[in-house]
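> the sequence and its predicted three-dimensional model are supplied below.
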Amino acid sequence: MFDINQAVSLHADATVLRAHRAEILATNLANADTPNYKARDLDFSALLDHEMDAASLTRSSADPLGAEEIGNTDYESMYRIPTQASLDQNTVDVQAERAAFLDNAMRYQAGLRFLGDQFSGLISAFKGE
């Protein structure tokens, strides 16, 4: 039997994590001039590993797609260690944040494209094309 969840779950979880990381990075950039603001980020690979482990443990035959987990976005972020001290104790490095945001955005787009291709392939297979 074909399990659609196995076909797309890794990339779907990665896409959700990338969207959440984009919010965190955008918040960092928005607070670049806020005194005492501490820049945050996610340990993306550790969180993805955790999501995949949790998904494999909690999904049962009664809930094969993990519908009960949808909307659970309680991701733990970490504070960045600044590369250079600032007088106002703000730890945002605007150049590093922009680079991280751009890298994350490109990976997010790639994940969406991959998911779209997967679903297109599945629809074609179901139609017998």
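Arrived safely, thanks for sending.

> spatially central, which residue of the protein would that be?
Of all residues in the chain, the one closest to the mean position by CA atoms, centre = their mean is Leu17, 1.5 Å from it.

> next one: the stretch of helix or strand Arg98 belongs to to chain centre, how far?
Using DSSP states H and E, Arg98 sits within helix 94-127. The gap between where helix 94-127 is centred and where its chain is centred comes out at 11 Å by CA atoms, centre = their mean, to the nearest Å.

> show me where this structure has strands.
Counting by DSSP state E, one finds strands in the chain at the ranges 40-41, 78-79.

> so which of those comes closest to Gln95?
Gln95 lies closest to strand 40-41 among the strands of the chain, at 14.7 Å (CB to CB). (C-beta placed from N, C-alpha, C; glycine too.)

> how far out from the middle of the chain is the lowest-mean-pLDDT helix or strand in the chain?
Taking mean pLDDT, DSSP states H and E as the measure, the chain has helix 44-58 as its least confident helix or strand, at a mean of 73. Helix 44-58 has its average C-alpha position 12 Å from the chain's average C-alpha position, going by CA atoms, centre = their mean.

> for the residue nearest to the centre of the chain, list the residues it contacts.
Contacts were defined as CB atoms under 8 Å, 6 or more residues apart in numbering; by that measure Leu17 touches Leu42, Phe44, Leu47, Leu48, Glu51, Tyr75.

> cutoff 7 Å now
For Leu17, the residues meeting the contact criterion (CB atoms under 7 Å, 6 or more residues apart in numbering) are Leu42, Phe44, Leu47, Leu48, Glu51.
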